[in-house]
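Peer 1: everything below, folded, please.
(chains A, B, C and D)
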Protein chains: 4
Amino acid sequence: MPHVHAKLRIMVFKHSFQIRWVDTDGAGVVHYSNYFRYFEACEEEFYRSLGLNFKTIYERYQIALPRVEAHCNYKSSCKFGDVIEISLSVGEIDEKTITYNFQVFLKEENKLAAEGYLKCIAVNEKWKAAPLPSEFVKVIRENRV
Amino acid sequence: MPHVHAKLRIMVFKHSFQIRWVDTDGAGVVHYSNYFRYFEACEEEFYRSLGLNFKTIYERYQIALPRVEAHCNYKSSCKFGDVIEISLSVGEIDEKTITYNFQVFLKEENKLAAEGYLKCIAVNEKWKAAPLPSEFVKVIRENRV
Amino acid sequence: MPHVHAKLRIMVFKHSFQIRWVDTDGAGVVHYSNYFRYFEACEEEFYRSLGLNFKTIYERYQIALPRVEAHCNYKSSCKFGDVIEISLSVGEIDEKTITYNFQVFLKEENKLAAEGYLKCIAVNEKWKAAPLPSEFVKVIRENRV
Amino acid sequence: MPHVHAKLRIMVFKHSFQIRWVDTDGAGVVHYSNYFRYFEACEEEFYRSLGLNFKTIYERYQIALPRVEAHCNYKSSCKFGDVIEISLSVGEIDEKTITYNFQVFLKEENKLAAEGYLKCIAVNEKWKAAPLPSEFVKVIRENRV
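Peer 2: Here you go, the predicted structure:
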C-alpha cells in the first residue's frame, strides 16, 4: 500500500520593486550591502501581509528580532532600473531563533541574482534571548503550509 | 575715543576623509544625498572635539537637535578615492535654533565641491521646541571667537 | 473685454510607500538625509510614469541631470511604519536647469512632514552644462498642464 | 630529522572609527546591514595601506573584485558613539577568488561585536571570471607573513 506523503507546501512570499539609482555604485551595479536592505524590505512586507511590523510584534509578543547571522551569495548583478522580485520562505524555527531564506530574481531575465538568509533571535525588552512566543510562531507557520 | 571693535574670528572646524566606494553611484560620483551624511559626520567630529556627542548633549543639556532645514549647492563631483575636507563654521544662533555652515573641498585639486547648511532646532525630551541652553551655546561659541 | 486667463493646472505626481526600519535612526525617526533619497525615489517614479528613467533619458536625449541644489524643510517626524505620500510638481524650467518641488505627507495624519526641491542641470556626455532638449522639456511639461 | 614548520604569522590589518548617528536604527543600535559597509571600509583602508584602491587595482591588474559571498555573525550591538576596531585578515586565496575575514571589536569593552567574511572573485574588464594576477596576490600575501 502506497504511502501518502504529506506534501509540505512551502509558502513563498514575494515582493517586487525597481532598483533605485542611489543603490548602484561606481561599477553601475547594486552595491553588495544593499541586498541585505532588500532582504529586510521583503521581511517587512511579509510581516505587513500578516498585519504585523517590528513595532506591533514588539507590542503584541514582547519580542524584538535582532539578527544573529546574515548571509548572501551573489550570482548576477542587478542594475539601475531592473525589476527584481524577492521571495521569502520561512526556514528553521527553533526555541529562540527563526531563519528566513531569500532569493532575489531579475524578473525580466528570470535569473537568480542572489540568495541568502537572515537568522534572527528573539529578545525580550531587556534585549536578552527569550523563547519565540508560540502565538507568533503560529502566525508565521500558518503562512508556511 | 575710538571704539575697538572686537574682531570676530570665525573658527572653522575641519574634518577630512576619503570617499568610500559605497557612496558612489552609477555615474561614478558621490550620490548627492551623501553630502548630507558628510555634513553630519563633520558636525559629529566638531562636537567630539568639544568632548560632546548627540547623546551627551542630550544628557547634559536635555536637548536634541533635529534639523528644520537642510541645504546644499553642488559645484564639482567627488569621486571614489578623492580626499575631501569638510569645514564647519557656526552660523546664526537665535533663541531656539542653531545653524551650521559647511563647505566640502576636494583636497588635491583645492576645489570647492559643495557647500550648504543645516539649521537645527532645540527640542526637549518631549520633542517640543525649547530654548537653546546658554551653557551649550557658550561651549559652541567659544569655538567661534 | 476681459482677458481669459489660461489656468495653469499644475500636475502633481504622487508616490506612496511605507517607511522602512533601516531609514530610522536612534531617535526612532527617519534620518534627515533620507528625505533626499525619497525625493529622488519620487522623481524616478515620475519618470517611470512617462516611460523614462535616468538611463533612457541619457540614451534618448544625451543628457544626465546632476543636482546643483537640494533643499528640505522638515515639519514633522516620520516614524517606522508610517505611510508617506510624496508629491512632485515641476517647478521652474530655464535653458539648462529644471527644478522639481516635493512635499512629503504623513498619510494617516494628513500632515506635512517635509517639503523641498531639487534643482537639476542638464549635462552632456562630457559632463558639461548643455541646453535641456526641447523634446525632453515637452514630455515633462505635458504632465504639467 | 624533524621538520621545522614555518610558522604562518597572519598579519591583521586594523581600522578604527566611531559609530555615526546615521548608522543607528530605531532600536538605538547599528543596523545589521551597515556591518557590510564597515567590512568594505576596512578592506579599502587595507588596500590604501598598500598604496592601492579599487580603481588602481583595476588599472594595474585589469581586475575588479565583486563579492560572490558575504557573511556576518552578530555578537553584541554597537551603539552611537562607540569606537570600533575592525580587523582584516587575508583568508583563502585560490585561482580566482580571495576571501577576507573580518572582526569588529568594541574597543572600550574589548568585546567582539561581529565577525564575518567577504569572498571576492576576480573579473576582467568584460566582467568575466579571471585568474587573480600573481602580482596582485603577491602584494596581498606580503602582508600576510
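
Peer 1: going forward, measure contacts and count neighbours with C-alpha atoms only.
Peer 2: Will do.

Peer 1: can you map out the strands along chain A?
Peer 2: Secondary structure of chain A, counting by DSSP state E: strands at A:12-18, A:67-74, A:83-93, A:97-106, A:111-121.

Peer 1: now check the third one, is it near chain C?
Peer 2: Same thing as strand A:83-93. No. Against chain C, strand A:83-93 shows no contacts by C-alpha under 8 Å from any C-alpha of the partner chain, the least distance being 12.1 Å.

Peer 1: low-confidence ranges, chain A, go.
Peer 2: A:1-10, A:144-145 (pLDDT under 70).

Peer 1: quick one: buried residues of the helix ranked longest in it?
Peer 2: With secondary structure taken from DSSP state H, chain A has its longest helix at helix A:34-49. Of the residues in helix A:34-49, A:34-47 count as buried by neighbour count, 16 or more other C-alpha atoms under 10 Å in any protein chain shown.

Peer 1: A:Ile93 and A:Asn101 touch, don't they?
Peer 2: No. A:Ile93 is beyond contact range of A:Asn101, at 11.7 Å (criterion: C-alpha atoms under 8 Å).

Peer 1: of these two, who's got more company?
Peer 2: Taking other C-alpha atoms under 10 Å in any protein chain shown, A:Ile93 and A:Asn101 do not tie; A:Asn101 has more neighbours (20 against 17).

Peer 1: just give the nearest non-adjacent residue to that one, would you?
Peer 2: Spatially, and ignoring its direct neighbours in sequence, A:Asn101 is nearest to A:Tyr117 (4.3 Å; C-alpha to C-alpha, 6 or more residues apart in numbering or on different chains).

Peer 1: for A:Ala114, same thing?
Peer 2: Using C-alpha to C-alpha, 6+ apart and skipping the chain neighbours, the partner closest in space to A:Ala114 is A:Tyr74 (4.5 Å).

Peer 1: residues near the one you found, how many?
Peer 2: Using other C-alpha under 10 Å, A:Tyr74 has 21 other residues around it.

Peer 1: contacting residues for it?
Peer 2: Applying C-alpha atoms under 8 Å, 6 or more residues apart in numbering or on different chains, one finds that A:Tyr74 lies in contact with A:113-115, D:67-69.

Peer 1: circling back to that earlier point, packing partners of the longest helix of chain A?
Peer 2: With contacts taken as 3 or more C-alpha pairs under 8 Å, 6 or more residues apart in numbering or on different chains; DSSP states H and E, helix A:34-49 sits against strand A:12-18, strand A:67-74, strand A:83-93.

Peer 1: now with 10 Å, please.
Peer 2: Secondary-structure packing of helix A:34-49 (3 or more C-alpha pairs under 10 Å, 6 or more residues apart in numbering or on different chains; DSSP states H and E): strand A:12-18, helix A:54-61, strand A:67-74, strand A:83-93, strand A:97-106, strand A:111-121, helix A:134-141, helix D:34-49.

Peer 1: please tell me how far stretch A:110-128 is from the chain's geometric centre.
Peer 2: The chain centre lies 6 Å from the centre of stretch A:110-128; the measure is C-alpha atoms, centre = their mean, to the nearest Å.

Peer 1: quick one: buried residues of it?
Peer 2: In stretch A:110-128, counting by 16+ other C-alpha under 10 Å, buried: A:112-124.

Peer 1: try stretch A:130-145
Peer 2: For stretch A:130-145, by 16+ other C-alpha under 10 Å, it's A:130, A:132, A:140, A:143-144.

Peer 1: in helices only, show me those.
Peer 2: Residues of these located in helices (DSSP H): A:Ile140.

Peer 1: distance-wise, check the nearest residue to A:Pro131 once chain neighbours are set aside relative to A:Ala129.
Peer 2: Distances taken as C-alpha to C-alpha, 6+ apart place A:Lys96 nearest to A:Pro131, at 4.6 Å, with adjacent residues excluded. Counting by C-alpha to C-alpha, to the nearest Å, the gap from A:Lys96 to A:Ala129 is 7 Å.

Peer 1: overlap of the contact sets of the two?
Peer 2: Taking C-alpha atoms under 10 Å, 6 or more residues apart in numbering or on different chains as the criterion, A:Lys96 and A:Ala129 both touch A:65, A:121-123.

Peer 1: chain D contacts on chain A?
Peer 2: A:26-27, A:31-40, A:55, A:64, A:66-77, A:114-120 (C-alpha under 10 Å from any C-alpha of the partner chain).

Peer 1: now do 7 Å
Peer 2: Residues of chain A found near chain D (C-alpha under 7 Å from any C-alpha of the partner chain) are A:33, A:36-37, A:67-75.

Peer 1: for chain A, what lies in contact range of chain C?
Peer 2: Residues of chain A lying near chain C (C-alpha under 7 Å from any C-alpha): A:20, A:41.

Peer 1: from what I can see A:Gly91 touches A:Asn101, true?
Peer 2: Yes. Contact criterion C-alpha atoms under 7 Å: A:Gly91 and A:Asn101 qualify, at 6.1 Å.

Peer 1: out of the buried residues of stretch A:130-145, which comes closest to D:Phe17?
Peer 2: Nearest to D:Phe17 among those: A:Ala130, at 32.1 Å, using C-alpha to C-alpha.

Peer 1: the residue nearest to that closest one when sequence neighbours are not counted and C:Phe46, how far apart?
Peer 2: Nearest residue to A:Ala130, sequence neighbours excluded (C-alpha to C-alpha, 6+ apart): A:Val123, at 5.0 Å. In this structure, A:Val123 and C:Phe46 are 41 Å apart, going by C-alpha to C-alpha.

Peer 1: how much space between A:Asn73 and D:Glu69?
Peer 2: The gap separating A:Asn73 from D:Glu69 is 4 Å, by C-alpha to C-alpha.

Peer 1: for A:Pro66, that is, sorry about that
Peer 2: 21 Å.

Peer 1: ditto for A:Glu115
Peer 2: Distance, A:Glu115 to D:Glu69, by C-alpha to C-alpha: 10 Å.

Peer 1: which residues are common contacts for the two?
Peer 2: Counting by C-alpha atoms under 7 Å, 6 or more residues apart in numbering or on different chains, the common neighbours of A:Glu115 and D:Glu69 are A:72-74.

Peer 1: make JSON lines from the residues you listed and add distance to B:Val22 to it.
Peer 2: Shown next, in JSON lines, are the shared contacts of A:Glu115 and D:Glu69 (distance: C-alpha to C-alpha, whole Å):
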{"residue": "A:Cys72", "distance to B:Val22": "17"}
{"residue": "A:Asn73", "distance to B:Val22": "19"}
{"residue": "A:Tyr74", "distance to B:Val22": "17"}
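
Peer 1: if we can go back for a sec, and of the residues of chain A next to chain D, the nearest to D:Gln18?
Peer 2: Closest to D:Gln18, out of all of the residues of chain A next to chain D and judged by C-alpha to C-alpha, is A:Ser33, at 19.7 Å.

Peer 1: does the closest one touch D:Tyr32 like I think?
Peer 2: No. If you go by C-alpha under 7 Å, A:Ser33 and D:Tyr32 don't touch, sitting 10.0 Å apart.

Peer 1: quick one: which of those two has more around it?
Peer 2: Remark: of A:Ser33 and D:Tyr32, D:Tyr32 carries more neighbours, 27 against 22, as counted by other C-alpha under 10 Å.

Peer 1: number of nearby residues for the closest residue to the more buried one other than its chain neighbours?
Peer 2: Nearest-residue entry for D:Tyr32: A:Arg67, 7.1 Å, with adjacent residues in sequence omitted and distances by C-alpha to C-alpha, 6+ apart. By the measure other C-alpha under 10 Å, the count of residues near A:Arg67 is 21.
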